[in-house]
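In: Next come a sequence and a model predicted from it.
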Amino acid sequence: MLELHHLCLVGSIAPWADAVPLEPVETLDLGGEAWTLARGPNLYLAGQPQTAMVGRRPVNAAGIAHLCVQARAGDQLVSALEQADATFLSPPTALGTGFRYAYGHDASGRLFEVETAPFLPDSPAVWFGHVALVSPDAERLAGYYADFLGGELIAGGRFRDNRRIDTVAGLKGVEVAVWWVRAGGFALEFWRYDAPPAPVVESARWYAHIGIETDDLDAALRGRECSARSEGRDGRQAMLRDPAGNAIVLIELAAAARDRGVSALSGRDVLARVAAARAAS
């Protein structure tokens, strides 16, 4: 078993807890740096200390780029995020897919995306749609994660000369290509920005790592190079890097800690329900 367990945010989870139904859970002791942990419907969020404010993450910079939040009541979600001091690059904008999209930054400068559509489920009220990564070699990176997770790789096409995309991204002359990987109850999204030129930033200043749960850490690491391993009361972990240099933390939970594992997420089926509702709309 290899499934997306959490996304680790640099800084406090509090801005998200004010807008998204998150349940605080006991911190995991895996022998390394402790994270605060909160359970969403289909993904955990972890938080690690932030030592200084770092500004706003650029939309098109390489690295772990953004977290997508989906809701049928999108205007209510936008309002709740704004009340938690988030700012948006544009109002939710239709791009001809049935969804409306908006990028924003939370109070810590982390980039996020809101997606909303009338065909989305009523329950849960809010959930996570995907984690997005940006890379100049996004197709190769998507293939790596599809192979790693045993997921489905989907090519989404290339887009340019679209003023609505420029509006959503807050950029001019956007040229992009996109791929997705669906694995278990979650999804990853991969963008290659061909234009405009992307600024070079240290992406881990906003999102520290992607957390993947496995039931056999040794098997998951076979043939892969890891930079660190540790073990604690709640299980074991290992850190490795994807081909683009983004941090991945593999975790194997002890039996007593599986109430903080993927199997304890109440909304693991929500993205499957979203896909079915979209196909039927």
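Out: Looks like it came in fine. Residues are numbered from 1 along each chain as shown.
In: Quick check: bridge partners of the closest residue in space to Leu221 that isn't next to it in sequence?
Out: Distance criterion CB to CB, 6 or more residues apart in numbering; nearest residue to Leu221, sequence neighbours excluded, is Ala238 at 5.8 Å. From N, CA and C alone the C-beta is placed, and that goes for glycine too. When bridges are taken as DSSP bridges, the partners of Ala238 come out as Arg229, Leu250.
In: Burial check on Ala238, number of neighbours?
Out: Here the count is done by other CB atoms under 10 Å, and Ala238 has 23 residues near it.
In: again, but for Leu4
Out: Neighbour count of Leu4, defined by other CB under 10 Å: 26.
In: coming back round to it: ok, now which ones touch the residue nearest to Leu221?
Out: By CB atoms under 8 Å, 6 or more residues apart in numbering, the contact set of Ala238 is 217, 221, 226, 228-229, 249-250.
In: Of those, just say which sits nearest to Ala80.
Out: Within these, proximity to Ala80 (CB to CB) peaks at Val249, which comes in at 29.1 Å.
In: Hmm, Met239 and that closest one touching each other?
Out: Yes - using CB atoms under 8 Å, Val249 is in contact with Met239, at 5.4 Å.
In: Compare the two and say which is more crowded by neighbours.
Out: Here Val249 and Met239 are compared on neighbour count by other CB under 10 Å; more neighbours surround Val249, at 24 against 15.
In: could you measure that one against Ser227, distance?
Out: Relative to Ser227, Val249 is positioned 10 Å away (criterion: CB to CB, to the nearest Å).
In: If you average pLDDT per helix and strand, which one of the protein comes out bottom?
Out: Here the helix or strand of the chain ranked lowest by mean pLDDT, DSSP states H and E is helix 14-17, holding a mean of 80.
In: ok, now which ones touch Asp234?
Out: Applying CB under 8 Å, 6+ apart, one finds that Asp234 lies in contact with 28-30, 253-254, 256-257, 260.
In: repeat for Pro199
Out: The contact partners of Pro199, taken as CB under 8 Å, 6+ apart, are 58, 60-61.
In: If we use 10 Å, what do you get?
Out: The neighbourhood of Pro199, defined by CB atoms under 10 Å, 6 or more residues apart in numbering, consists of 57-62.
In: could I get those residues as JSON lines with pLDDT?
Out: Converted to JSON lines, those look like this (pLDDT from 0 to 100):
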{"residue": "Arg57", "pLDDT": "94"}
{"residue": "Pro58", "pLDDT": "95"}
{"residue": "Val59", "pLDDT": "97"}
{"residue": "Asn60", "pLDDT": "96"}
{"residue": "Ala61", "pLDDT": "95"}
{"residue": "Ala62", "pLDDT": "96"}
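In: Which of those sits closest to Leu2?
Out: Taking CB to CB as the measure, Leu2 lies nearest Ala62 of the contacts of Pro199, at 24.0 Å.
In: so Gly143 sits in a helix?
Out: Yes - when DSSP: H, G, I helix; E, B strand; the rest coil is applied, Gly143 is found to be in a helix.
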